[in-house]
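Student: everything below, folded, please.
(2 chains)
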Amino acid sequence: MKALYSLANPALFIKVSWWLLPPLWVATLVSFGAGLYMSLVVAPADYQQGETVRIMFIHVPSAWLALLCYSAMTLSALGTLIFRHPLADVAQKAAAPLGAGFTAICLVTGSIWGKPTWGTWWEWDARLTSMLILLLIYFGIIALWRAIEEPNKAARAVAILTLVGAVNIPIIKFSVDWWYTLHQPASIMRLGGSAIHSTILQPLLVMGLAYFLLFTTLLLVRMRAELDERKIRRIRLLAAQEN
Amino acid sequence: MFELFGKHTSYIFASYAIALFTLSAMIAGSLWKAKSARKTLSSMKTLKALKEGK
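Tutor: Okay, the predicted model is just below:
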């Protein structure tokens, strides 16, 4: 716990992230290259879906990251409200646009995949609708950050909104079990192991790793930028007080 | 028509193009935000130093 609090120091975070970013960029680039090669060249066509299964390699990791990002934001919200962690709201503000991006990719690629597979671009079923609600929650969080000028007040308001919106995460995950949906049930993270053949699972996991590395890299970049913007705000306020 | 992946080639290319474009926009946006903040902060520090006569 003490180590966690020592890492909460923004100056230390700037120093550590400066060392972490170059290897993270390289790892992201390499894993994306490998993931795209495996998805488009190595992976075989599915016996049922044919070549359209390749859309899964970009659709499913974006869904994972959309949920992971929101889960991380929920932890950050708790960090802001309970522990008053100095980097918690910085991380939350930095993560929201990234989560919205991954959710948008998930919805659009899912819609494109749905047309040849289900015969429709969109269906108001539980999984698709709850993912759309997640995107709207992300937009709401981004709007709330912009609407309140004072960062501490904005952080508390956004933390409460994030915690309320967290109800949607288990709904998304279990929607395919709780309701009869057009969307297929869980085939990787399920009791009894993965239902996907290794030749298709491997590219999916590599793309998942690439998405995760990209998210981590961009989160660090945006957190550093947010810390800089808060310094700028403090300098401007001090200058205004002096005048 | 160019059909690398059979009759569904256009669906596959469209989804990869949209995903990669969005990811690129996320990267560009984050890097621009970081660069812009660093530049403003650096010029403010220089201005402050000039005012203090350093």
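
Student: list the buried residues of the strand or helix carrying residue A:156.
Tutor: For residue A:156, the host element (DSSP states H and E) is helix A:151-165. For helix A:151-165, a neighbour-count test (16 or more other CB atoms under 10 Å in any protein chain shown) marks A:151, A:154-156, A:158-159, A:161-162, A:165 as buried. Bear in mind the C-beta positions are built from the backbone N, C-alpha and C, glycine included.

Student: got the phi and psi for the most centrally placed residue in chain B?
Tutor: In chain B, the C-alpha closest to the average C-alpha coordinate belongs to residue B:28, at a distance of 0.4 Å (CA atoms, centre = their mean). Phi and psi for residue B:28, reported as degrees, to the nearest 10, are phi -60, psi -40.

Student: report pLDDT for it.
Tutor: Note for residue B:28: predicted pLDDT of 97.

Student: dump the residue contacts of it.
Tutor: Contacts for residue B:28 (CB atoms under 8 Å, 6 or more residues apart in numbering or on different chains) come out as none.

Student: ok, back up a step: output the next helix or strand after the helix holding residue A:156 as PDB, nothing but the C-alphas.
Tutor: Heading C-terminal from helix A:151-165, the first helix or strand you meet, by DSSP H and E, is helix A:168-178. Only the C-alpha atoms of helix A:168-178 are listed here, as PDB (Å, rounded to 0.1, in the frame of the first residue of the first chain):
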ATOM      1  CA  ASN A 168     -24.000  -1.400 -17.300                       C
ATOM      2  CA  ILE A 169     -20.700  -3.500 -17.300                       C
ATOM      3  CA  PRO A 170     -22.100  -6.800 -15.800                       C
ATOM      4  CA  ILE A 171     -25.300  -6.200 -18.000                       C
ATOM      5  CA  ILE A 172     -23.100  -6.200 -21.100                       C
ATOM      6  CA  LYS A 173     -21.100  -9.200 -20.000                       C
ATOM      7  CA  PHE A 174     -24.100 -11.400 -19.000                       C
ATOM      8  CA  SER A 175     -26.700 -10.000 -21.500                       C
ATOM      9  CA  VAL A 176     -26.100 -13.000 -23.800                       C
ATOM     10  CA  ASP A 177     -26.900 -15.400 -20.900                       C
ATOM     11  CA  TRP A 178     -29.800 -13.400 -19.300                       C
END
